[in-house]
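[1] Can you look at this prediction? I've put the sequence above it.
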Amino acid sequence: MTVQKRPTEILRFGIFEVDLRAGELRKQGKRIKLQDQPFQVLAVLLQRPGDVVTREELRSQIWAQDTFVDFDNSLNTTINKLREALGDSADNPRFIETLPRRGYRFLAPITGEAGKKKAITAPSRKVVVLGAIAVLVAVAAWGGWFWRSRPGRVLSEKDTIVLGDFANSTGDPVFDGTLREGLSVQLDQSPFLNLLSEEGIHQTLRMMGQSAKARLTPEITREVCQRTDSTAALDGSIALIGFKYELILKAVNCANGELLASTEVQANDKNHVLDALSKVASEMRAKLGESLRTVQKYNTPLEQATTQSLEALQAFSLGAKNDFPAAIPFFQRAIQLDPDFALAYDQLGGAYQSIGENSIGADDIRRAFELRGRVSELEKLEIEGDYYKNVTGNLPNAKRSYALGEQIYPREPSFPGGLGTIYMTLGQHKSALREHQAALRLLPYDSVAFRFVAYTYLLMDRVEDAEATAREARAKGLDSALGPTVYAIAFYRNDTPEMVRQVTAAADKAGEEDLLLALDADTAAYFGHLRRARELSQRASNSARQVGENEASATYEAVAALREGLFGSAKTAREPTSVAKGPSGRRDVDYASGLALAYAGNTDGAQRIVDDFNKTFREDTLVQFNHLATLRAKLALMHADATQALADLEPAAPYEFGLPAAGFYNWPNLYPVYVRGEAYLAAHRGREAAAEFQKILDHRGIVLNEPIGALAHLQLGRASAQQGDMPKARAAYGDFLTLWKDADPDIPILQQAKVEYAKLR
């Protein structure tokens, strides 16, 4: 029997401590019962924090060579017991990470203390193993380094970081805000690090009684970090030392102020500061626990990912701090200073599209796409997705880019957000909801994220969930972007006072008033108040034009013309005036105009739009499978060819419940269904026609206050009469006439309905 002297080692991680000498695991001082093999595995993993310990290494150290056992099952059971003792999870590990088919890795930081104890005997294999561990510890201590000096993960993928401002003692204001923006671009490339969103920071600042644009000093950054249950705060500084610039970056534990990591780099002159910032960011990523592989793979230098001009980056950072459309002049200035600034083009395009200027935005996104070789992998995937979705309309390509981005960067909300809008366009609303909910989890303080979730619930006729989402946003003070969605929910609920409140609240608010007026115009038309609808549409168009939203203005006018055609009021209809420099800006306006021309009987005008669509939008998924199918079918009906109309609509069938227009203006939804119903009526196939019009009535959350939502009752009555089902026909006519009981009496379709209903009675 061998007697062996060695130091005691008590290792601590989280709320746990391990006494290697005693073979005990303790939680907050209380011993936890743990069998021998799980403890031995833990002891081996604690030797090599952050390293992969292979299954074979564990087998050789824990199980004797002459042991006959089902090793794989035995090790799996041992790991499960160890996780159970630690309260750990294989899916969301805090301590022990599984690397499939390779082994395991201990994730948490470890601290320890060493001292000498009297000798003990080692009669068993357990003691032999622990003795070997103790020798290693002793060597480490005698060599002048501790366990935590080994490479390990200071942070995990679940930990959130709050990025503070740089302290600038150079006296040069060009660095103010600019270095933080540059560092954000660099760190966002990491698939490992998890930065708290700007929306989260701004909301927390407001809760602290601070301005959303308050300077993020180390003290404020740490408080934001604590309030958001984040783990670390990053604080930087820049100083002029002689003729050189010194950049220092520190990561601090939010809870106790402990320094987790720090790095510093010098730049020989001002022109090399951005290069130095890239080096600081790369070193910090590695020190915080990111693997060398991903640091090297996803690490486009800042001067390439953004710009070589500090002044351009400064303008870009000012744009990033502002909401749309206030950000537009800053992004424009950044591009003036650096015409090859790809990220600035992309952000500028997004800003224009957010205010309805799709064509101008498309031009900028196209330029960003041309320059995408200059950006990081993260921005490249974002730009490609935006380009395919918003410029060419190629939704399969856009979906691939966003899906790959979501896979590589699971904490970047733009990817699930982009996928969500694509699924909405395709009518796959369940998938859209999943993606929008994922984006909301990443942006819990973003009103637009709440807006998408609430609206998607409504599309699925889950109005209670839509209301609950709106209430949650309101409770957080995030209802600024929810006006149109709350209006739509109120319409669904027949809540006229709430609709009035939303329209009143948006009055005289640039960029908000026009949309609410347009929605109110549709509601007026839904109930047959056509004169009122005309007035509201004109006011919406004027309001949009006054703030430079020319495409939105033209859209409202086109929808008003379509309404006239549907109701039989339009004698003639004008072809649309192009308000866009690029084809994408014309798509939505021209679709409504094409339908308006068709319903007004202007065959030549509608045909010209079809020809232009077919030539200009050959890649556009929505145009090819929705717009063209519907317009061609309507033209076939104008030529009394119902069979051709039904054939033309076949490509639209998989996407007929999708949203054919971008944004939250609810038009012109379900027109493939409505025109197919008209085609079946023309073919004297009343049963099939009734089924199509019933689809519209069964999907209130999609059609909402579209005029065809009311007209579907009338068309269902006509289809039922064609089948000879008079009770059902009278009921459907009655529903329509009840909706239009206060309608303008001179509307042609109303007069026709009354005559037809009288014959049924």
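    Yes, it's here. Numbering: from 1, shown residues only.

[2] What are the structural domain limits within the chain?
    The record's domain split for the chain, according to automatic domain parsing, is 3-149, 161-305, 320-486, 550-760.

[3] which regions of this structure sit below the pLDDT cut-off?
    Counting by pLDDT under 70, the chain has low-confidence residues at 1-8, 63-71, 92, 101, 112-153, 356, 570-585, 662-664, 666.

[4] How about the most centrally placed residue in it, nearest residue that isn't a chain neighbour?
    With distances taken as C-alpha atoms, centre = their mean, Gly417 lies nearest the centre of the chain, 2.7 Å away. Computed as C-beta to C-beta, 6 or more residues apart in numbering, the closest residue to Gly417 that is not its neighbour in sequence is Ala439, at 4.3 Å. Any C-beta I mention is one placed from the backbone N, CA and C, and that applies to glycine too.

[5] Which strand or helix spans that neighbour?
    helix 429-442 (DSSP states H and E).

[6] Could you point out the helix or strand that follows that helix?
    Assigned by DSSP H and E, the successor of helix 429-442 is helix 447-459.

[7] which other helices and strands contact that next one?
    helix 414-426, helix 429-442, helix 463-475, helix 483-492, helix 700-703 (3 or more C-beta pairs under 8 Å, 6 or more residues apart in numbering; DSSP states H and E).

[8] Can you name every helix or strand that the helix or strand in which Gln296 is found contacts?
    In the assignment (DSSP H and E), Gln296 maps to helix 292-297. Counting contacts by 3+ C-beta pairs under 8 Å, 6+ apart, helix 292-297 packs against helix 273-287.

[9] Now tell me what touches the helix it packs on from outside.
    Contact with helix 273-287 is made by 154, 175, 179, 182-183, 186-187, 190, 192-193, 234, 236, 238, 245, 247-249, 251, 261-267, 292, 295, 299, 301-303, 306, 308, 310, 313, as judged by C-beta atoms under 8 Å, 6 or more residues apart in numbering.

[10] out of everything not next to it in sequence, what's closest to Gln752?
    Nearest to Gln752 is Gly568, by C-beta to C-beta, 6+ apart, at 7.4 Å.

[11] so is the one you found in a helix, a strand, or just coil?
    Classification of Gly568 using DSSP: H, G, I helix; E, B strand; the rest coil returns coil.

[12] can you pull out the strands in this structure?
    Taking DSSP state E as the test, the strands found in the chain are 3-4, 7-13, 16-19, 24-27, 30-32, 52-54, 96-99, 103-106, 111-116, 120-121, 161-168, 232-241, 244-253, 259-267.

[13] a markdown table please, covering those and showing distance to Thr616 and mean neighbour count.
    Converted to a markdown table, those look like this (distance: least, C-beta to C-beta, whole Å; neighbours: other C-beta atoms under 10 Å):
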| stretch | distance to Thr616 | mean neighbour count |
| --- | --- | --- |
| strand 3-4 | 83 | 11 |
| strand 7-13 | 62 | 19 |
| strand 16-19 | 65 | 18 |
| strand 24-27 | 67 | 16 |
| strand 30-32 | 69 | 11 |
| strand 52-54 | 54 | 16 |
| strand 96-99 | 51 | 16 |
| strand 103-106 | 54 | 21 |
| strand 111-116 | 65 | 13 |
| strand 120-121 | 84 | 14 |
| strand 161-168 | 43 | 22 |
| strand 232-241 | 48 | 20 |
| strand 244-253 | 50 | 19 |
| strand 259-267 | 49 | 17 |
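
[14] Would you reformat these as CSV and include distance to Asp725?
    Putting those into CSV (distance: least, C-beta to C-beta, whole Å) gives the following:
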stretch, distance to Asp725
strand 3-4, 96
strand 7-13, 74
strand 16-19, 73
strand 24-27, 73
strand 30-32, 73
strand 52-54, 71
strand 96-99, 63
strand 103-106, 69
strand 111-116, 80
strand 120-121, 93
strand 161-168, 66
strand 232-241, 69
strand 244-253, 73
strand 259-267, 74
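
[15] To Ser60, which of these lies closest?
    When the strands of the chain are compared by C-beta to C-beta, strand 52-54 sits nearest Ser60, at 9.4 Å.

[16] Okay, now the sheet partners of the closest one, with direction.
    Paired neighbours of strand 52-54 in the sheet (DSSP bridges): strand 103-106 (antiparallel).

[17] which residues touch stretch 311-321?
    Contacts of stretch 311-321 (C-beta under 8 Å, 6+ apart): 174, 176-178, 180-182, 198, 213, 274, 306-307, 327-331, 333-335, 337-338, 341, 343-344, 347, 351.

[18] Show me which of those are buried.
    174, 176-178, 180-182, 198, 274, 306-307, 327-328, 330-331, 333-335, 337-338, 341, 343-344, 347, 351 (16 or more other C-beta atoms under 10 Å).

[19] check contacts around Val623.
    Gly393, Arg587, Tyr591, Phe613, Phe617.

[20] which one of the residues you listed sits closest to Gly257?
    Gly393 (51.9 Å).

[21] Give the closest residue to that closest one in space, chain neighbours not counted.
    Closest residue to Gly393 apart from its sequence neighbours, by C-beta to C-beta, 6+ apart: Asp620 at 3.0 Å.

[22] ok, the one you found touching Val391?
    No - in this structure, Asp620 is not within contact of Val391 by C-beta atoms under 8 Å, at 9.6 Å.

[23] The two: which is more packed in?
    Taking other C-beta atoms under 10 Å, Asp620 and Val391 do not tie; Val391 has more neighbours (25 against 21).

[24] Neighbours of the residue nearest to that one when sequence neighbours are not counted, how many?
    Leaving out its chain neighbours, the residue that sits closest to Val391 by C-beta to C-beta, 6+ apart is Ala362, at 4.7 Å. Burial of Ala362 is recorded as 25 neighbouring residues (other C-beta under 10 Å).

[25] Residue numbering should commence at 26 henceforth.
    Got it, the first residue is 26 from now on, which makes the last one we talked about Ala387.

[26] ok so, going back, contacts for the helix holding Gln321 next, please.
    Against helix 317-322 from outside (C-beta under 8 Å, 6+ apart): Ser215, Pro216, Phe217, Ser307, Arg310, Ala311.

[27] can you do 10 Å?
    176, 214-218, 306-311, 316, 402, 433 (C-beta atoms under 10 Å, 6 or more residues apart in numbering).

[28] Can you turn the buried part of those into a PyMOL selection?
    Selection of buried members from the contacts of helix 317-322 for PyMOL, criterion 16+ other C-beta under 10 Å:
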select buried, resi 214+215+216+217+218+306+307+308+309+310+311+402+433
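
[29] Between which two of the contacts of helix 317-322 is the distance greatest?
    The most widely separated members of those are Pro176 and Glu402, with 24.7 Å between them, by C-beta to C-beta.

[30] Is Leu36 bridged to anything, and to what?
    Val43, Gly137.

[31] Check the gap between it and Glu49 for me.
    11 Å (C-beta to C-beta, to the nearest Å).

[32] Please apply the same query to Asp471.
    47 Å.

[33] now swap in Ala783 and tell me
    92 Å.

[34] try Glu675
    Counting by C-beta to C-beta - Glu675 and Glu49 are separated by 72 Å.

[35] for Leu653, same thing?
    Going from Leu653 to Glu49 by C-beta to C-beta gives 74 Å.

[36] again with Gly261
    43 Å.

[37] Same question for His461.
    For His461, the distance to Glu49 - C-beta to C-beta - is 49 Å.

[38] And for Thr548?
    71 Å.

[39] go on, Ala376?
    Ala376 is 60 Å from Glu49, by C-beta to C-beta.

[40] what does Glu523 give?
    63 Å.

[41] Then Thr185?
    Distance from Thr185 to Glu49, by C-beta to C-beta: 33 Å.

[42] Hmm, Glu681 is touching Thr450, no?
    No - counting by C-beta atoms under 10 Å, Glu681 does not reach Thr450; the two are 11.9 Å apart.
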